[in-house]
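Q: Sharing a sequence plus its predicted fold:
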Number of protein chains: 2
Amino acid sequence: MSDNNKPYVIGLDLGGTNSVFGIVDANANVIAETSVKTRGHNDDAQQYVDDCVVELRKIIDQVGGLQKIRAMGIGAPNGNYYTGCIEFAPNLVWAHKIVPLAKMFSDALEGLPVALTNDANAAAIGEMTYGAARGMKNFIMITLGTGVGSGIVVNGQMVYGCDGMAGELGHVIVEKDGRDCGCGRKGCLETYCSATGITRTAREVLETTNKPTILRDIPIDQVDGLAITQAARKGDAVALEIFEFTGRKLGEACANFACFNSPEAFIFFGGLSKAGDLIMDPIKRAYDENVLKIYQGKAKMLVSQLDDAKAAVLGASALGWEIAPE
Amino acid sequence: MSDNNKPYVIGLDLGGTNSVFGIVDANANVIAETSVKTRGHNDDAQQYVDDCVVELRKIIDQVGGLQKIRAMGIGAPNGNYYTGCIEFAPNLVWAHKIVPLAKMFSDALEGLPVALTNDANAAAIGEMTYGAARGMKNFIMITLGTGVGSGIVVNGQMVYGCDGMAGELGHVIVEKDGRDCGCGRKGCLETYCSATGITRTAREVLETTNKPTILRDIPIDQVDGLAITQAARKGDAVALEIFEFTGRKLGEACANFACFNSPEAFIFFGGLSKAGDLIMDPIKRAYDENVLKIYQGKAKMLVSQLDDAKAAVLGASALGWEIAPE
């Protein structure tokens, strides 16, 4: 199963429900994989780490033992690269705590180097290491999930900012006094362009207009990104209008983002990006119409090249390669 | 006049009207200075460089000759760091050209290393080398002049982007379908917060309301940033309201900018920043009210520490130090 001379890293995609571990080689092959429920463990982070390491040891042994592993990377919500901590992550059981997870895994794995960052940054590092951003020095990764995340790369380096928490483009306010956001403010990009955002748009249209649409055949609480995508693929005018609105908001926002780091690409990942041209076409049109003339035609609009099921683990593993000793 | 063992660099602040040269030591002392009109020279860039070098040689000789000079930095509108060219600068006589000015000065000065960037980036490098940003690795410089410029620093490096033209925060659209901008679009930050922007705000208030204000004692085409500042200092309610509006727009924009690189400071320079608390207080209030919770209380709001008359030359010279051979 493993070539004896090849070094590996561990990637951990820590989500609200599952924690997925992969042992990954330098060519983005996931050699072994296991997963552990994130919840449970008596709500105790040390118990969580101990339970994870029991499972992890099994796949480490499969590839030839800990001496084959160079480092571990973790992608986690509210992960702070500088401190190695998960800080007040609202969707995790440790919502009100700062958990020094990088150190805890390192201690449990005989001092293995462990780094941690937020999931969108891990996706950006993964794309740079294995995917659509290979060779790029300046790009912006936008993750379209339950929320909107981002990872920004400048001069070939992740932008972590003064506190390790930079790159929250989902919380750029795009509509003054707009939709209520979970962050406590109004009009953030993610209230329009996340999976939740497009659902809100659909409900607004269904509840405030009489436009005919096959979306009315579905119970309103089941109208989600997937249902809207399926309707749009059938040519449903309302579903297409919802994608147009969502994509335009994203394209206009990206036109502003270009003023920061003049990226060579925006790379979209996750959920809504699966809708392909339905979302990408309005993004591109709104971007071209709104971007400053000096940036026109410069940034590519790309969809992630990473296999969705493995992307998060690969992103985390790429962070592992970044910190692996020579 | 010069200590024989001390190395120097040349800084050139290339403006629409004047080109100011300074010979600068490592402690930000401008040892010698000269200037040349930017216009004239038969609209010929080579003639401009030749004429400049005649004047420049005089001050180079004063400090002990070209062997004392390590490098030269140029801050110029539309300056591209990667190419060393000034590209289509609307306010220069070479508006429709790409002028490879860094190479031209280097050729005229016996191969001296010469680098060039835009004026706002030069200001940021100057602030990092000699001013309020010493020791900072992540900050945003905002220059409030005729337009609004910016220089962004991430991980201690200038953000130049994929094309050398990154950092145009004055052209972030802050008001959809807002004021017409010289860039051909609408609602850019600089249409509200530049010297020109605050004047437009004043004229709107004077022309569309009957509010009493001492600004009505001045011919309307003479109501400029300075006049508004003087009125506000006298407690004029309308002038204070104009500053409140202008500062709030800036503070709201900066709250969005924080989502990019979580800076440890925003540093304001030039024109309007001279109004001190009149502009800084509403900036700070709007920033605190609008910034994402995780960034609250992290970024300082500072005014440049560089002597205004010398700041542009110092900024350009700091770029010279960046490229000077050991």
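A: Here it is on my side, so go on. Residues are numbered from 1 along each chain as shown, chains lettered A, B, ... in the order given.
Q: And whichever residue of the stretch 51-200 of chain A sits closest to chain B, which helix or strand is it part of?
A: In the stretch 51-200 of chain A, the residue that lies nearest chain B is A:G161 (2.7 Å; CB to the nearest CB). Any C-beta I mention is one placed from the backbone N, CA and C, and that applies to glycine too. Assigned by DSSP states H and E, A:G161 belongs to no helix or strand.
Q: tell me the phi and psi of A:V303?
A: Phi and psi for A:V303, reported as degrees, to the nearest 10, are phi -100, psi 140.
Q: Could you report the separation of it from A:N118?
A: 21 Å (CB to CB, to the nearest Å).
Q: who's more crowded, those two?
A: Neighbour count, other CB atoms under 10 Å in any protein chain shown: between A:V303 and A:N118, A:N118 has more, with 29 against 17.
Q: my guess is the more buried one meets A:G149, correct?
A: Yes - counting by CB atoms under 8 Å, A:N118 does reach A:G149; the two are 7.0 Å apart.
Q: list the residues that contact both of the two?
A: A:G167 (CB atoms under 8 Å, 6 or more residues apart in numbering or on different chains).
Q: For the nearest residue to A:T129 once chain neighbours are set aside, list the residues it contacts.
A: Using CB to CB, 6 or more residues apart in numbering or on different chains and skipping residues adjacent in sequence, the residue nearest A:T129 is A:A318, 3.7 Å away. If you count contacts by CB under 8 Å, 6+ apart, A:A318 has them with A:G11, A:G73, A:A122, A:I125, A:G126, A:M128, A:T129, A:Y130.
Q: Equivalent analysis for A:K6, please.
A: Residues near A:K6 by CB under 8 Å, 6+ apart: A:D25, A:A26, A:K68.
Q: what's the closest non-adjacent residue to the last one?
A: If you skip the residues right next to it in sequence, A:K68 has A:Y8 as its closest partner in space, 5.5 Å away by CB to CB, 6+ apart.
Q: OK, contacts around that neighbour?
A: A:S2, A:I23, A:V24, A:D25, A:I31, A:V63, A:K68, A:I69, A:R70.
Q: hey, which helix or strand in chain A has the poorest pLDDT?
A: helix A:308-323 (a mean of 89; mean pLDDT, DSSP states H and E).
Q: Report the buried residues of that helix.
A: In terms of neighbour count (16 or more other CB atoms under 10 Å in any protein chain shown), helix A:308-323 has its buried residues at A:310-322.
Q: Next, the residue at the greatest distance from the centre of chain A: secondary structure please.
A: The C-alpha centroid of chain A is most remote from A:N210, which lies 35.7 Å away (CA atoms, centre = their mean). State at A:N210, reduced to three classes by DSSP: H, G, I helix; E, B strand; the rest coil: coil.
Q: returning to that earlier point: now find how far off-centre the least confident helix or strand of chain A is within its chain.
A: 11 Å (CA atoms, centre = their mean, to the nearest Å).
Q: Closest residue of the stretch 201-326 of chain A to chain B?
A: Relative to chain B, the nearest point of the stretch 201-326 of chain A is A:S262 (2.7 Å; CB to the nearest CB).
Q: Name the nearest residue to that residue, ignoring sequence neighbours.
A: A:S262's closest residue in space is B:G161 (CB to CB, 6+ apart), at 2.7 Å.
Q: Give me the phi and psi angles of the one you found.
A: phi 80, psi -170.
Q: List the residues that contact it.
A: A:N138, A:V154, A:N261, A:S262, A:P263, B:G167.
Q: What of A:T38?
A: Here A:T38 is in contact with A:L14, A:G15, A:G16, A:T17, A:N18, A:S19, A:Y48, A:L92, A:V93 (criterion: CB under 8 Å, 6+ apart).
Q: What segments of chain A are strands?
A: A:8-14, A:18-24, A:30-37, A:69-75, A:79-80, A:85-87, A:98-99, A:114-117, A:139-144, A:148-154, A:157-158, A:265-269, A:300-303 (DSSP state E).
Q: Reformat the ones you listed as a markdown table; add mean pLDDT.
A: Shown next, in a markdown table, are the strands of chain A (pLDDT from 0 to 100):
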| stretch | mean pLDDT |
| --- | --- |
| strand A:8-14 | 96 |
| strand A:18-24 | 95 |
| strand A:30-37 | 96 |
| strand A:69-75 | 97 |
| strand A:79-80 | 93 |
| strand A:85-87 | 92 |
| strand A:98-99 | 93 |
| strand A:114-117 | 96 |
| strand A:139-144 | 96 |
| strand A:148-154 | 96 |
| strand A:157-158 | 96 |
| strand A:265-269 | 97 |
| strand A:300-303 | 96 |
